[in-house]
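Asker: pasting the structure only:
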């Protein structure tokens, strides 16, 4: 046994290390981003997750080492800044500025997530931790949907969503959140070497597919399949086919157990979205450059839809509809050509940079994780054709999180090529 004096001195270096320990910016960034992604879908006070994210972002900025940002990362940051500028310009000409500002609140966590991920994440392990947070959120939301459907089998999808009380699920098609998270879970499953993480990712995928079938969302089903297919096809077309068949099999199995209600919704019929799209184009014609103002579609929809002269085969939705069910036409109506081009530049830049990482990175895990972000962004873009809107908080949060991930990966240094061994 060591003398007391020696035991005291042996403890001193450890104590000194603990006292002098300072978490780096990446630690605060991962904690802030991951906790927000897990908490924002829960029925909590709206400011609690945002406050945590803001504090962690401030701490990450305060302790960060000032380094040179790679030009590729700057390009995506510039495209994101351009989109925010286009929103500001549209607000200047909006008839109802207060409405535009209030409904643009999700841009605050979206901007913080982009900054903290793009600027302060350190390596691939940070990306894995964020993907795990997405998997936890998808698993929690999907399990809640399945449990509620089990307890109340007579509820229709809209009533089931209302009974959950989650701020992320307002209408059944909001289950597209799980579809968008699916490529990230797939990438996590392919890149992790930990059994617990692999179990989390795999379970999240299965539960998400089941929840999509229960809520009968065609948009989510197509987004999930297209996102995973793109993610895997970026590396192997053969594996992409296997992935698509696997996901489709799970969705169809759950749908078959419930009597194929989801499959029946794919039958051809009149689509009330067409009238909304025509109304959005009419709004665009009246304000082509900067649009009617952010989130003005819901306020103007009744007036414009009521003035439309439509053929009998286009039904008119008599309900008050706050969004155009097409992200691109809605942006065109609310932010004009300037906002539409800014959105296009932002998404196109992100897709191009993500694919460049998938194609050029020498590290397998870097390719897999970047392909997951690319697949999720494709899922967002696909669902945006017929459903998504930036009026919904989860769409903004997930979109700018994905942009932050892609920017982070473009800033990672590529591994140096290994020297060839010359046999002696």
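Answerer: Received, thanks. Because the structure is a prediction, the values reported are computed rather than measured. Residues are numbered from 1 along each chain as shown.

Asker: Point out where the protein drops to low pLDDT.
Answerer: 1-22, 46, 66-73, 234-270, 414-424 (pLDDT under 70).

Asker: Regarding it, what is its longest helix?
Answerer: helix 327-360 (DSSP state H).

Asker: quick one: buried residues of it?
Answerer: The neighbour-count check on helix 327-360 (16 or more other C-beta atoms under 10 Å) flags 327-343, 345-347, 349-351, 353-355, 357-358 as buried. Backbone N, C-alpha and C define where each C-beta goes, glycine included.

Asker: Show me what it is packed against.
Answerer: Here helix 327-360 touches helix 71-92, helix 273-286, helix 297-306, helix 364-383, helix 393-411, going by 3 or more C-beta pairs under 8 Å, 6 or more residues apart in numbering; DSSP states H and E.

Asker: Now mean neighbour count and distance to residue 179 too, for these, in a markdown table please.
Answerer: Shown next, in a markdown table, are the helices and strands packed on helix 327-360 (neighbours: other C-beta atoms under 10 Å; distance: least, C-beta to C-beta, whole Å):
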| stretch | mean neighbour count | distance to residue 179 |
| --- | --- | --- |
| helix 71-92 | 18 | 23 |
| helix 273-286 | 19 | 18 |
| helix 297-306 | 18 | 23 |
| helix 364-383 | 25 | 6 |
| helix 393-411 | 26 | 11 |
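
Asker: and the ones you listed as CSV, adding distance to residue 50?
Answerer: Formatted as CSV, the helices and strands packed on helix 327-360 follow (distance: least, C-beta to C-beta, whole Å):
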stretch, distance to residue 50
helix 71-92, 18
helix 273-286, 30
helix 297-306, 23
helix 364-383, 21
helix 393-411, 10
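
Asker: Quick one: closest of those to residue 35.
Answerer: Taking C-beta to C-beta, helix 393-411 is the member of those nearest to residue 35, at 12.8 Å.

Asker: what about residue 413, is that helix, strand or coil?
Answerer: Assigned by DSSP: H, G, I helix; E, B strand; the rest coil, the conformation of residue 413 is coil.

Asker: Tell me which of the helices and strands packed on helix 327-360 lies nearest to residue 126.
Answerer: Per C-beta to C-beta, nearest to residue 126 of the helices and strands packed on helix 327-360: helix 393-411, 7.6 Å.

Asker: contacting residues around the closest residue to residue 379 other than its chain neighbours?
Answerer: The shortest distance from residue 379 to any non-neighbouring residue, by C-beta to C-beta, 6 or more residues apart in numbering, is to residue 227 (3.0 Å). Residues in contact with residue 227 (C-beta atoms under 8 Å, 6 or more residues apart in numbering) are 179-180, 182-183, 375-376, 378-379, 382.

Asker: circling back: the longest helix of the chain vs helix 364-383, what angle?
Answerer: 160 degrees (axes from the mean of the first three to the mean of the last three C-alpha atoms, to 10 degrees).

Asker: What is the distance between helix 327-360 and the centre of its chain?
Answerer: In terms of C-alpha atoms, centre = their mean, to the nearest Å, the centre of helix 327-360 is found 14 Å from the chain centre.

Asker: Against residue 168, how distant is residue 137?
Answerer: Distance, residue 137 to residue 168, by C-beta to C-beta, to the nearest Å: 8 Å.

Asker: got any residues that touch both of those two?
Answerer: By the contact definition C-beta under 8 Å, 6+ apart, residue 137 and residue 168 are jointly contacted by 41, 177.

Asker: neighbour count winner among those two?
Answerer: residue 137 (24 against 21; other C-beta atoms under 10 Å).

Asker: Please report the distance of that one from residue 206.
Answerer: 15 Å.

Asker: cool, and residue 185?
Answerer: 10 Å.

Asker: okay, the two: which has more neighbours?
Answerer: Just comparing residue 185 and residue 206: by other C-beta under 10 Å the higher neighbour count belongs to residue 185, 28 against 16.

Asker: Packing partners of whichever strand or helix holds that one?
Answerer: In this assignment (DSSP states H and E), residue 185 forms part of helix 176-191. Packed against helix 176-191 by the contact rule (3+ C-beta pairs under 8 Å, 6+ apart) you find helix 124-151, helix 195-214, helix 218-233, helix 364-383, helix 393-411.
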